[in-house]
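**Q** Based on what follows, work out the 3D shape:
(chains A, B, C and D)
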2 protein chains.
Amino acid sequence: MSKPPTVAISAEDVPCCAPMAYERIPAEVSGTLAQAFKALGDPIRLQLMSMIASAEGGEICVCDLTPAFTISGTTVSHHLKVLREAGLVDAERRASWVYYRPRPGLMRQLSALLAVDEPARA
Amino acid sequence: MSKPPTVAISAEDVPCCAPMAYERIPAEVSGTLAQAFKALGDPIRLQLMSMIASAEGGEICVCDLTPAFTISGTTVSHHLKVLREAGLVDAERRASWVYYRPRPGLMRQLSALLAVDEPARA
DNA sequence: CGGTGGTTTCGACATGCGTCGAGGTTGACA
DNA sequence: TGTCAACCTCGACGCATGTCGAAACCACCG
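**A** Got it, this is the predicted structure:
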């Protein structure tokens, strides 16, 4: 039991931040970064992530997420777990409800990684 | 047969660009965007993408990509196809060699999508 | 014209992943 | 304490995906 139950990686552990247009991504961190991109690589997870990231008050209840989709609550829970283990969101139980909150650290790193020079518009 | 064979999407067709922290991603475009993220959601593809994006001269030969990995050339070709169909890279054959080039448009959109406010550091 | 090297496609296989139903856990409330 | 609602875990089911070898394709060069 050398690892906590749910939180797999902390966003701050990713030792890579330079835009990939400038610097090649080292093989050692490509796995961790790819896990985050893969977590966003599903239409439902991407919508979940955007609902969490744009939530008023910085957090949103699972009970507000589930009815936005036609899939079962079980599957929503599974997708949220993927986002959680990728380090993109954080969950907290309060009373009977579970609230999800974005983790801006990793999002910023991914955004920086994809950054490109200003278009050399003629 | 309403879709062309190989080129799935053109980056400019993605009608979404506002940061997901501000605006929820519409369900209609989540599939296209998720396809791009999914393409980056593999360690090898992420390294391939970074090698292409950071290539000197703006392009790189497949013959320079393949020896950087231990997997077969067949598999490298497959991964490049995924990046191509996601709209992240472009390929051009010149003489006997094929050169890959990044497509900054979609990369910029993905980066903008993940953009977050400056950290409210105390 | 045939051969050679670079690249992609094809067909096959094992693994991974999205989905669900059933059941478990947690907390609220009477 | 019993019940109920919200959420998660477990186990299972197909489909998608990463991987490879063989073969096809393309461009150059004897």
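
**Q** hey, let's count contacts and neighbours off CA atoms from now on
**A** Fine.

**Q** Which residue would you name as the spatial centre of chain A?
**A** residue A:88 (2.5 Å; Cα atoms, centre = their mean).

**Q** quick one, what contacts the closest residue to it other than its chain neighbours?
**A** Distance criterion Cα to Cα, 6 or more residues apart in numbering or on different chains; nearest residue to residue A:88, sequence neighbours excluded, is residue A:103 at 5.2 Å. Residue A:103 sits next to A:11, A:87-90 when contact means Cα atoms under 8 Å, 6 or more residues apart in numbering or on different chains.

**Q** Pick out the most distant pair among those residues.
**A** Using Cα to Cα, these span at most 11.0 Å, a distance reached by A:11 and A:90.

**Q** Extract the residue ranges of chain A that are flagged as low pLDDT.
**A** A:1-16, A:118-122 (pLDDT under 70).

**Q** Do you have the helices of it handy? List them.
**A** A:27-39, A:43-53, A:62-65, A:73-85, A:104-114 (DSSP state H).

**Q** just to revisit the earlier point, how much space separates the residue nearest to the centre of chain A from residue A:96?
**A** Shown here: residue A:88 relative to residue A:96, a distance of 23 Å by Cα to Cα, to the nearest Å.

**Q** and what of residue A:32?
**A** On the measure of Cα to Cα, residue A:32 and residue A:96 end up 33 Å apart.

**Q** The two: which is more packed in?
**A** Ranked by neighbour count (other Cα atoms under 10 Å in any protein chain shown), residue A:32 and residue A:96 place residue A:32 first, with 21 against 6.

**Q** That one and DNA strand D: what is the separation?
**A** Remark: distance between residue A:32 and DNA strand D (Cα to the nearest atom of the strand, to the nearest Å) = 15 Å.
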